[in-house]
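> fold the following for me, if possible:
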Amino acid sequence: MTTAPNSSPYLTHLNGRPATASELAPLAFAGHAHFTAIQVRDRRIRGLDLHLDRLRSASEELYGRALPDDRIRELLRAAVAGGPADLSLTVTVYSAEGEFTPSDPDADLHVLVSTAPPANGPRGPLSLATVPYERPLPGIKHVGEIAKTYYPRRVAPLGFDDAAFLDSRGRFSEASIWNLVFWDGTSVVWPVAEMLRGTMMGTVRRQLDHLGVPQTDREVTPADLTSLAGAAVLNSWTPAVPVHRIAATPLPAAVDFIALLHRAHQAEPPVAP
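Here you go, the predicted structure:
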């Protein structure tokens with residue numbers, strides 16, 4: 001299904017057709033759903049396979065079943081064709097059984113696709129406060145995650161731009177809506193902890209491999225920051241926003257590191273849904 005393109009970046013489709021207010025009303029503030037956020041440029045998507053993998057695995061975990069990738073791609077094509085060539089796009093999957101009922105293996109899965117103007121994220125550099133927090137079901141990008149708004153707002157009056165999370169073992173995991181990545185001067189360092197592994201993280205990692213850039217996975221704690229040569233956050237908006245301070249510890253600008261992450265992202269081929 002395709003929709004004639006229009007100039008507005010705002011569109012909301014339910015199962016491939018324009019959603020009505022009566023269909024959307026029951027979903028307001030509903031919390032048993034999962035989603036992926038995508039940046040579309042020239043009607044193409046980088047890391048599309050990772051978004052499809054995310055939706056499939058989350059549906060299997062939450063509902064015991066998943067829609068075929070071809071169906072998701074069909075719904076993406078309808079939304080991408082319906083607006084400008086550059087968009088922000090969110091795909092949300094939920095079950096007809098609702099939130100507060102026993103699981104029904106025969107309940108239909110629905111897909112809500114919404115679009116908005118394209119986004120590139122903040123320029124930075126950012127300062128991050130540290131807060132003790134572990135996301136429930138960290139491997140799933142689920143809705144209703146209050147911490148991603150609560151903690152940045154709590155730390156803003158203290159002079160911070162955002163919050164980085166420390167798990168119960170004192171390890172960095174992720175930030176409010178970001179993955180964290182560090183630079184030790186020769187290798188890209190990915191923190192080891194329970195976290196949501198972002199699609200941007202996945203595209204950057206595999207392209208760094210193709211570029212022959214050393215990468216390492218290891219636990220990173222606040223005590224390790226003084227030995228590191230740079231830090232950044234990344235999500236579907238951008239492969240790198242520099243971080244110049246975490247808590248009271250300043251971090252080098254690491255201009256070459258930030259450029260490297262952007263170069264890895266650009267190396268990922270965009271594909272049509």
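> make sure V189 is actually in contact with V220.
Yes: applying Cβ atoms under 8 Å as the test, V189 and V220 come out as touching, 6.6 Å apart. Glycine gets a C-beta too; all of them are placed from N, C-alpha and C.
> which secondary structure elements does the host helix or strand of R263 contact?
R263 is located in helix 255-267, with elements delineated by DSSP states H and E. When contacts are defined as 3 or more Cβ pairs under 8 Å, 6 or more residues apart in numbering; DSSP states H and E, helix 255-267 packs onto strand 188-191, helix 199-211, strand 230-235, strand 238-246.
> contact partners for the residue nearest to L137 when sequence neighbours are not counted?
Nearest non-adjacent residue to L137, counting by Cβ to Cβ, 6 or more residues apart in numbering: E61, 7.7 Å away. Applying Cβ atoms under 8 Å, 6 or more residues apart in numbering to E61 gives the contacts L137, G139, I140.
> which SSE is immediately downstream of the helix or strand harbouring E61?
According to DSSP H and E, E61 maps onto helix 48-63. Using DSSP H and E, the helix or strand that follows helix 48-63 towards the C-terminus is helix 69-81.
> any chance you could list what contacts that following helix?
1-5, 11, 13, 15-17, 38, 40, 43, 45, 48, 52, 55-56, 87, 89, 91, 111, 113-115, 272-273.
> which residues of the stretch 101-250 of the chain fall in strands?
All strands of the stretch 101-250 of the chain, identified by DSSP state E, counting those that start in this stretch, fall at 109-116, 126-132, 162-166, 172-175, 179-183, 188-191, 215-218, 230-235, 238-246, 249-250.
> which residues does the residue nearest to A272 when sequence neighbours are not counted form a beta bridge with?
Closest residue in space to A272, ignoring its immediate chain neighbours: R44 at 5.4 Å, by Cβ to Cβ, 6+ apart. Bridge pairing for R44 (DSSP bridges) gives the partners R41.
> what separation do you get for R44 and D256?
The spacing between R44 and D256, counted by Cβ to Cβ, to the nearest Å, is 28 Å.
> which of the two has more neighbours?
More neighbours surround R44 than the other of R44 and D256, with 15 against 10 (other Cβ atoms under 10 Å).
> so who does the more buried one touch?
Contacts of R44 (Cβ under 8 Å, 6+ apart): P270, V271, A272.
> neighbours of the second one, how many?
If I follow you right, that is V271. 11.
> what does the first one give?
Neighbour count for P270, taken as other Cβ under 10 Å: 15.
> what's the closest non-adjacent residue to it?
R44 (3.6 Å).
> and R41, what does it touch?
By Cβ under 8 Å, 6+ apart, the neighbours of R41 are A85, D86, P118, P270.
> surely the second one touches D42?
Yes: with the criterion set as Cβ under 8 Å, D86 and D42 qualify as a contacting pair; they are 7.0 Å apart.
> which one's more surrounded, these two?
Shown here are D86 and D42; by other Cβ under 10 Å, D86 has more neighbours (15 against 9).
> next, the contact list for the more buried one, please.
D86 makes contacts with V40, R41, D42, P118, as judged by Cβ under 8 Å, 6+ apart.
> next, the contact list for the first one, please.
In other words, V40. Applying Cβ under 8 Å, 6+ apart, the residues near V40 are V80, A85, D86, L87, S88, L89, T115, P118.
> what is the burial count for the second one?
Just to be clear, that refers to A85. 12.
> I'd guessed it sits against I45; true?
No: assessed by Cβ under 8 Å, A85 is found out of contact with I45, at 12.0 Å.
> re earlier: looking at the contacts of D86, which is nearest Q266?
Q266 lies nearest to R41 out of the contacts of D86, by Cβ to Cβ, at 11.0 Å.
> any idea how far N120 is from that closest one?
With Cβ to Cβ as the criterion, R41 and N120 are 10 Å apart.
> mind giving me the domain ranges of the protein?
Following automatic domain parsing, one gets these domains for the chain: 11-116, 126-267.
> how about JSON lines for the ones you listed, with mean pLDDT added?
Below are those laid out as JSON lines (pLDDT from 0 to 100):
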{"stretch": "domain 11-116", "mean pLDDT": "94"}
{"stretch": "domain 126-267", "mean pLDDT": "97"}
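> what residues does the host helix or strand of Y94 touch?
Here Y94, judged by DSSP H and E, is contained in strand 87-95. Strand 87-95 is contacted by residues 9, 27, 30, 32-40, 51, 55, 58-59, 62-63, 67, 72, 75-76, 79-80, 104, 107-119, 143 when judged by Cβ under 8 Å, 6+ apart.
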